[in-house]
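Undergrad: Everything below, folded, please.
(chains A and B)
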Amino acid sequence: MKVILRNPRREIEIEGRRRVHALLVELGLPRESHLVIRNGTLVPGDEELDKDDVIEIRPVISGGF
Amino acid sequence: MKCRTCRGPAIIELPRHNANFCAEHFLQMCRRQVEKAIHDHDMLQKTDRVLVAVSGGKDSLAVWDMLVELGYQADGLYIALGIGEYSEESREYTERFAQERNLKLTVVSLRDDYGYDIPTATKVTGRVPCSACGMSKRHLFDKAAVDGGYDVVVTGHNLDDEAAVLFGNALRWDVEYLARQLPVLPSRHGFPKKVKPLIRLTEREMAAWCVIRGIDYIVEECPMAEGNRHIGYKEVLNLLEEKSPGTKSSYYLGFLDRMAPVLAAIAATGADSVTPCIQCGAPTGGEEGSVCAFCRLVERSAAHEPVSVELIRKKSRSQKRVQAEASKK
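TA: Numbers count the residues shown, from 1 in each chain, chains lettered A, B, ... in the order given. You can find the predicted model right below:
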């Protein structure tokens, strides 16, 4: 599957199927600070992602004060 | 995974509520949390004229969206900070949001209206970028609210923002800042009332609100905030949250409930001697006949040649390298 990461924007390719939780763990990304989006829709942690999916993992932390 | 409310397929899990939600009931939960914050802290009345401080990020666009949806008369104010492409892009998101919903948006440009921008002010002051930025924004939001006859200024500070500030203040035991870290600052001494309706919702929930509602916002981080202290505090708190869901809300909401009343006497002292700035007339904490910090910043920054974002980022990275090397020795 194609995974789009942000900050900075980049793309990586992951082989095979994965559950959302497993993908985040594999990439070392905490669930509390990320959303997983497929075709403009949020995907919950237990959902299985297909090898042909295009996924965006969007960080949600912002820092300015 | 099923929605707690309707048992339909869930799209998000919220461990802190020990619940999963479908889109419809997630939005309902968010609205209820905002209504509860507004009610519990007496933030807004339906007759108020509300000015929302908008940045083009998820939180400010989400709070503007929610307030309009809940029936408040809310206009937006965007400040163009001059932080290169980041500012241009965030302005486009804000203008598109307002245009699509037929909402009133006012834009103030630091460069066009005051002759400086945040990278230049950072160079001139020699302090962290968020310092000049925060001070400029506070002054201009206050001014716009007073000049425009608004009853209240709304900001998009969420639970993560407030918990991170609380954490920083507690690490330094900065008692005066702790005492004043409240979700409502009443109108006094010529300053408008300021409120934070998102204190019961996390950053992840606000980003999810925007995705579900189809709100495009600037996802990229402000290049000048990169690696700042608050982001570090948020990461630490999120580690605790992962291990023990609900930590952030019990920390901050518990502070409001049980610690803020203890500090109330301290919050009531200080800042009583306010005089008008002799240049712009804004209230300032200085002595009679003094010039406010914003006017001093404008004077120094506007006289300086414009500085690029890249130059400030390079300087900040090299300072961090020196600090890291010094800490190894």
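Undergrad: tell me the pLDDT at the residue nearest to residue B:48 when sequence neighbours are not counted?
TA: Excluding its sequence neighbours, the residue lying closest to residue B:48 (C-beta to C-beta, 6 or more residues apart in numbering or on different chains) is residue B:151, at 4.1 Å. Using the backbone N, CA and C atoms, a C-beta is placed for each residue, glycine as well. As predicted, residue B:151 sits at a pLDDT of 97.
Undergrad: Run through the residues that contact residue B:64.
TA: B:52, B:54, B:74, B:76, B:97, B:103, B:154 (C-beta atoms under 8 Å, 6 or more residues apart in numbering or on different chains).
Undergrad: just residue B:91 next, same as before
TA: B:56, B:78, B:80, B:107.
Undergrad: Tell me if I'm right that residue B:256 and residue B:178 touch.
TA: No: taking C-beta atoms under 8 Å as the definition, residue B:256 is not a contact partner of residue B:178, at 11.3 Å.
Undergrad: out of the two, which sits in the busier spot?
TA: Taking other C-beta atoms under 10 Å in any protein chain shown, residue B:256 and residue B:178 do not tie; residue B:178 has more neighbours (20 against 17).
Undergrad: which residues touch that one?
TA: Residue B:178 is in contact with B:166, B:169-170, B:259, B:263, counting by C-beta under 8 Å, 6+ apart.
Undergrad: can we see that at 6 Å?
TA: Shown in contact with residue B:178 (C-beta atoms under 6 Å, 6 or more residues apart in numbering or on different chains): B:169, B:263.
Undergrad: centroid residue for chain A?
TA: Nearest to the geometric centre of chain A sits residue A:57, at 3.0 Å (C-alpha atoms, centre = their mean).
Undergrad: still on that earlier bit, now the residue nearest to residue B:48: how far from residue B:261?
TA: Computed as C-beta to C-beta, to the nearest Å, the residue B:151 to residue B:261 distance reads 26 Å.
Undergrad: more neighbours, those two?
TA: Between residue B:151 and residue B:261, counting by other C-beta under 10 Å, residue B:151 is the more crowded of the two (16 against 10).
Undergrad: Residue A:35 and residue B:179, how far apart?
TA: 35 Å.
Undergrad: whoops, residue B:91 was the one
TA: Separation of residue B:91 from residue B:179 (C-beta to C-beta): 36 Å.
Undergrad: what residues are up against residue A:19?
TA: Residue A:19 is in contact with residue A:48, counting by C-beta under 6 Å, 6+ apart.
Undergrad: Could you check how far it is from residue B:110?
TA: Distance check for residue A:19 against residue B:110: by C-beta to C-beta, it reads 46 Å.
Undergrad: Repeat that for residue B:298.
TA: Where residue B:110 is concerned, residue B:298 sits at a distance of 9 Å (C-beta to C-beta).
Undergrad: More neighbours: which of the two?
TA: When residue B:298 and residue B:110 are compared for neighbours, residue B:110 comes out ahead with 26 against 22, by other C-beta under 10 Å.
Undergrad: Can you verify my assumption that that one contacts residue B:119?
TA: No: Residue B:110 is beyond contact range of residue B:119, at 10.4 Å (criterion: C-beta atoms under 6 Å).
Undergrad: In three-state terms, label the residue most central in space within chain B for me.
TA: Taking C-alpha atoms, centre = their mean as the criterion, residue B:157 is the residue nearest the geometric centre of chain B, at 4.3 Å. Here residue B:157 is recorded as coil under DSSP: H, G, I helix; E, B strand; the rest coil.
Undergrad: In contact with it: list those residues for me.
TA: Contact analysis of residue B:157 by C-beta under 6 Å, 6+ apart lists residue B:196.
Undergrad: what are the phi and psi values for it?
TA: phi -60, psi 130 (degrees, to the nearest 10).
Undergrad: what do you get for residue B:129?
TA: Taking degrees, to the nearest 10 as the convention, residue B:129 sits at phi -60, psi -40.
Undergrad: Now it. Nearest residue, chain neighbours left out?
TA: Here the residue nearest residue B:129, using C-beta to C-beta, 6+ apart, is residue B:224, at 3.8 Å.
Undergrad: secondary structure class for the one you found?
TA: Judged by three-state DSSP, the three-state class of residue B:224 is coil.
Undergrad: Report how many residues lie close to it.
TA: Neighbours around residue B:224, by other C-beta under 10 Å: 24.
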